[in-house]
Structure formats: C-alpha cells, structure tokens
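In: Dropping the sequence and predicted coords here.
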Amino acid sequence: MYRRPYLLTLSRTHLCNLLISGVFGQARPHSKKTPGLPWILLISFLSILTLLSEASATQLPPRRTVLILNEVNATYPLTNVLTVQLVTGVQNTARRRVEFYSEYLDLLSLPEGPSLPEFRDWLFRKYGRQGVNVVVAVGPETIKFVTKNARTLFSKTPIVIFGSSADQAGFPNLDSRFTGTWQAREPGKTIEVALRLFPNTRHVFVVGGSSVYDQVVMGATKEFFGSFRTETEITYLADMEMEKLLGRLRNLPANSIVLYVSFFQDSVGNKFVNATSALPLVASAADAPVFGMSDMYLGHGIVGGDVMSFQEQGKVTARIVSELLDGKNPQDIPIETLPSVYMFDWNELKRWHIPESRLPLESVVLFREPSLWERTKWLWYTTFLIVLGLLILVAYLGYSRKQMRLARERQRQLSDMLINAEGKEQRRIASELHDDFSQRMALIALGLENVEGEVPNSFQDAHSRLRQLATSTSELSSDMHSLSHRLHSSTLESLGLFSAVAALCKEYTDKQGIEVTFASNGSTKPVPPDIALYTYRILQEGLRNVKKHSGAQEAEVELQVTDDCLDLIVRDNGWGFDLNILQKNEGIGIRTIEERALSLGGKFTIHSQPAKGTTIEVRVPLRHELKQAKASGK
C-alpha cells in the first residue's frame, strides 16, 4: 500500500522554513543591539510574503481534496483509464482548486477479504484528519470495503461509486452519502448477439480466472445463465492453470463460441493483466470467436458484445465529482445506471467473416480500417479541384484566345475596309483628276496660247507672261495626270501587274532620281485583280519609303509569280536601320504594307542593318480567297 498524489503542492509554511534556513545559514549579526543586513532582508521579505499571502488568499479559491481508492494498482490498464478520465474530467475552475490523491488497495490479493481492520486504521491515520472533500471508490471490492467501513472512515464525506455494476458489488445498501454510477452488466445480450451472428452455435465456453474479483464476476455470470433459456451447451472454464486452459481452448469442438469474463489470476497463483495479457492469450489460443462485456477488451481479441462503457462512465463520474466539489449535496445526485452499448472490433468481424449488416442497430464498430476511397478521398478531392481549376483556366484561356482571334479578325476586316475605302477614294480622285481637272487645265493652257496670239507684238511683257502661264499650266496638267496615275494606274487594269510594276519603276527612275531596276521571272500567269491591286499598292508604299527614309541612290524590285504564290522583293542600298528601333517606332507605311499582306493571307518580312540597306519581302498565296466582308466592302 502506498499513496500516490497526482498534484504535489508546497505549502507556505514549508516555503518559509526553507527560506529561513537558507538565510540563517549565512547570516551573521554585527552586534547584539543592531541586526545585520541579512536579518533586515529577512524581516522585509517575510513582511512582503505575508502581504502577498493575504492578497492571494482573497484571490485563490479554497483547496478541495479528492481521494481515489482503486481496487488494483496502476499496472492494470483499466485503473489508469478510469483514474485519468476522472482527473482530467474534474477541472480546476475559478470556484475550485482540486488536489487528487490515489491509493491502490490491491484488495483482490488478500485472502481475508476487504474488511480487514488494518486497512481501515491505516486509511484513517492517513486521511482522517486531512478533511477529504470527496472519496471515489473504484471497483466492486473497493465499493464493498468502503460500504462496510463508511461510518468509521468517512462519516461526513460524500462517496462516489465508480467502475462496477451493482451485481458485481453485491447490490450494497447505500446511504444518502453515496452517489455515482453503476454499469449495466447484461451477459444475456452478449450471448444473444453472439448466437445471432453465429446461429449454428452448439457450445458456449465461459472463461474466468481464480482471483477474488474473477470469482465474483464468474459467480454473477453463472447465476444469470442459471435462468437463461438456450439450447446451447454452456461450459465454465474457471479455476484452471493458464497452460491447461489454453490447451483446452485449442481443442474446442466445432460450432463453439467463447465468453471471456475476467482473468486476473490462474489457479496456481500466476497473475495477469486482465485485458492486455490474459485476454490476448485466450483469444489467440481459441479456435472460435471470443466475446466479452467490457469496452476495455476491444482491440485485444474479442469480437465484441453488449459491453460496459468505462469511457462514458468516467465522464459522467467526473461530472458528479465536480458537482460535489461545487457544494451540491450527494442526496441530490441520484446514482445513475449507465446503459451498455453494442461494440465490435472491425478486425475481428473481418476475421470471422461477419458482415456489418448483421449487427444490431446503433452498434459501434471500432478500429475500422478506412477503405481505399476513405484513405484517398482528400487526394481525389484535391485532384478534382486542381483539374477543375485547370479546366476553368483552359476554358478561360480558350475563350480569351477566341475573343482575341475575333478581335484580330475584326481588326483585319476593318483594315480591309479602310484599304478598300482608300482604294475607292483614290480611284475616284484619280478619275476626277484625269477626266475633269486635267482636261480643264489643258483647255486653260490652250486658251492662254490663243490669247498670246491675239495680243499685239508690241506687248512683249504680256507675251512673256502669257507664255509662262501656259507652260506652268501644261506642267500642272502633266503633274495632275501623273498624280492620277499614281492614285489609280490604268496600266494595271489594262496591261496587268507586270507591266504596271515595270512602269512604276521607270516612273521612279525618271522623276525621283533613284535608279530602280525591275526583274521578274517572266511569268504569264494571270494574277487576280485584288492581289494585283494590293501588290501594286505595297510596291508603291515600299518605293515611297525608299525615297523618304533610305537615302538610297539605287533600288531593286523583283516580282516572281508561280502556280502557288507571288513574291515581291524591294531592296535598296540606303542607310538601313536597327530593327529594334523599328519595333518601337513603327511607321504608318510599314504597318500599311503588313496589313495589306495579311489581308491577302500572306507574309511580310523586313531585313535591315545600319549602313547595309533594307530589304522587304512579301509572299502572297495566289489561291487565297478574300473574305466576304472584304469583298462586300469594295
């Protein structure tokens, strides 16, 4: 027997004694009349400590003490589970400050029984004067012991029962100071569900140990089966040595099941931890499914059953202890009987090929191995969201690309319409210049010549001025004719593209001072009018750029026509330029050439370097059909 406090505290008295001994060990008074510095520091410290103690006493809640009496020591898992649940469930609050003390009485190992007077005297000496606020009795034998000695041990202290069923504790007569929880232990439900899962069962083997607790539980189980009506044969394997028990379990007859009750000790005195050592041995040896009546057995070899839930009992008991510590009377807290729960081990269900559909309704299945979908569903969800996001992005990019393509197509259509409108306007102006203005200018020049003939010879100045006006008018008429030709070449319509290009090169040579040479492959293949017109305009713009920007004295024009495409090359020996600068400051002329080439479905490229001249190349497919929008815009 020993005391094991869960919360270790150091009182103010112990702290003061420790400090005083430390100071006195070093202090040396200077004289009998005047205290030394250590004494002054000590007196000051004790004064401050007293004030702090008084202040803290008004702030800290009063201490409450809970004594937990366990039936077996901490090596048993059930003891640890119940104690930990109780301690963690009773929390410190603003109204209470709790200290826990735990005693492991180990009553199961005493042959004389749980009413030994030395236990009572020992507990009284230890806790009789400490003013324990609540006593928690854990386990059936502890409950019996406390019940028999409650008047002498804890005459005014509330007692909470915990960790047992009423039949295991012998249905004790409890006075008003007792409260707590009972477990509903119903072996019949476990056997019924076992027979339901294995309807061909002919033999039930009930396994139990030889300790006092084992015998009590086995006795209650036998008493129940004495009135249980079943056609199966019930055999009790109790009060046996462990090796013999395991040998018997290895040779069970067919259509058998095992009901594991409790096994803390075998017949020769070998002790076992009930759930974690004895039960696994029994379950591994038995060639039959094993059932039990405690949730602590799950995971150690039993299929399941109608089990007592000690986890739930720990929570309810912790709530009751908290209410008592807060001042509630035990007679106002009735003892609760917690219902048992159908619980099963998923691994054992798979081992014995039991489908979950055959389990009772509201059954709890533990240790379920997640399915492939359950293990990977978050991965699938994440993948789906990523794929969905990518699809949305692709759709958005496709939509944006389509919109951009439509915008570019619309831009080209507008460009075609502008180019066509420009061509129409140039044709109209050229027609007016040629048919109207040029003729009128010719008439004016002829009229001036006639007027000059009618003026007397004596008016020499008048003759000279009239002659100058006639010459200027003739030159203006010629320039207007040239301008109308540039705006709209009649040669292009009457003689074709090659003749129009040759005439244009000769005109530039004659009038612009640039030697333009023309070369072609001499093809006689007819060029569609729209392509011919656009090519002619591209050449006009190219030669205009040569005149305006290149500073060249010579230029070359090449025109090649094949069955598939038309190639136009304009090359000069001028200054040239950096193409990067062109990309930043692209002129209208270059843009017009590019737009005309793209309108024909062709390609436009430009090559140039400083001091090395410039070359532009245009390739147009002859089979390209202009879009209806362009055709309708002519």
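Out: Perfect, I can see it now.
In: And for the nearest residue to Met296 once chain neighbours are set aside, the neighbour number?
Out: Leaving aside its chain neighbours, Met296 sits nearest to Ala275 (4.8 Å; criterion: C-beta to C-beta, 6 or more residues apart in numbering). C-beta coordinates here come from the backbone N, C-alpha and C atoms, glycine included. By other C-beta atoms under 10 Å, the residues close to Ala275 number 25.
In: can you pull out the strands in the stretch 201-350 of the chain?
Out: 203-208, 233-237, 256-262, 290-291, 304-307, 336-338, 341-345 (DSSP state E, counting those that start in this stretch).
In: Turn these into JSON lines, columns for mean neighbour count, mean pLDDT and distance to Pro330.
Out: Converted to JSON lines, these look like this (neighbours: other C-beta atoms under 10 Å; pLDDT from 0 to 100; distance: least, C-beta to C-beta, whole Å):
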{"stretch": "strand 203-208", "mean neighbour count": "22", "mean pLDDT": "96", "distance to Pro330": "34"}
{"stretch": "strand 233-237", "mean neighbour count": "16", "mean pLDDT": "94", "distance to Pro330": "39"}
{"stretch": "strand 256-262", "mean neighbour count": "24", "mean pLDDT": "95", "distance to Pro330": "30"}
{"stretch": "strand 290-291", "mean neighbour count": "26", "mean pLDDT": "97", "distance to Pro330": "36"}
{"stretch": "strand 304-307", "mean neighbour count": "28", "mean pLDDT": "94", "distance to Pro330": "28"}
{"stretch": "strand 336-338", "mean neighbour count": "15", "mean pLDDT": "91", "distance to Pro330": "13"}
{"stretch": "strand 341-345", "mean neighbour count": "21", "mean pLDDT": "95", "distance to Pro330": "27"}
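In: who wins for proximity to Glu617 among those strands?
Out: Closest to Glu617 of the strands of the stretch 201-350 of the chain, according to C-beta to C-beta: strand 341-345, at 83.1 Å.
In: Off-centre distance for the closest one?
Out: Relative to the centre of its chain, strand 341-345 is centred 34 Å away, using C-alpha atoms, centre = their mean, to the nearest Å.
In: name the helices or strands packed onto the lengthiest helix in the chain?
Out: For the chain, the longest helix by residue count, based on DSSP state H, is helix 372-432. Helices and strands touching helix 372-432, by 3 or more C-beta pairs under 8 Å, 6 or more residues apart in numbering; DSSP states H and E, are helix 460-487, helix 529-545, helix 588-599, helix 628-633.
In: In its sheet, which strands sit next to the next helix or strand along the chain from the second one, and in what direction?
Out: The reference is to helix 529-545. Per DSSP states H and E, helix 529-545 leads on to strand 554-561 as the next helix or strand towards the C-terminus. With DSSP bridges as the test, strand 554-561 is paired with strand 515-520 (parallel), strand 565-572 (antiparallel).
In: Give the buried residues for strand 554-561.
Out: Under the neighbour-count criterion of 16 or more other C-beta atoms under 10 Å, strand 554-561 has Ala555, Glu556, Val557, Glu558, Leu559, Val561 buried.
In: Pull the contacting residues for the fifth one.
Out: Okay, so that is Leu559. Contacts for Leu559 (C-beta atoms under 8 Å, 6 or more residues apart in numbering) come out as Leu497, Phe498, Val501, Phe518, Ala519, Ser520, Asn521, Thr535, Leu566, Asp567, Leu568.
In: Let's see that with 6 Å instead.
Out: Residues counted as contacts of Leu559 (C-beta atoms under 6 Å, 6 or more residues apart in numbering) are Val501, Ser520, Leu568.
In: Any quick PyMOL command for the buried ones out of these?
Out: Buried residues within the contacts of Leu559, by 16+ other C-beta under 10 Å, are selected in PyMOL with:
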select buried, resi 501+568
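In: And the contacts of stretch 219-235?
Out: In contact with stretch 219-235 (C-beta under 6 Å, 6+ apart) are residues Asp167, Pro187, Gly188, Thr201, Arg202, His203, Val204, Phe205, Val261.
In: May I have the phi/psi pair for the closest residue to Lys547 other than its chain neighbours?
Out: Leaving aside its chain neighbours, Lys547 sits nearest to Gln512 (5.4 Å; criterion: C-beta to C-beta, 6+ apart). Backbone torsions for Gln512, taken as degrees, to the nearest 10, come to phi -110, psi -10.
In: where does Gln512 land on pLDDT?
Out: pLDDT, Gln512: 80.
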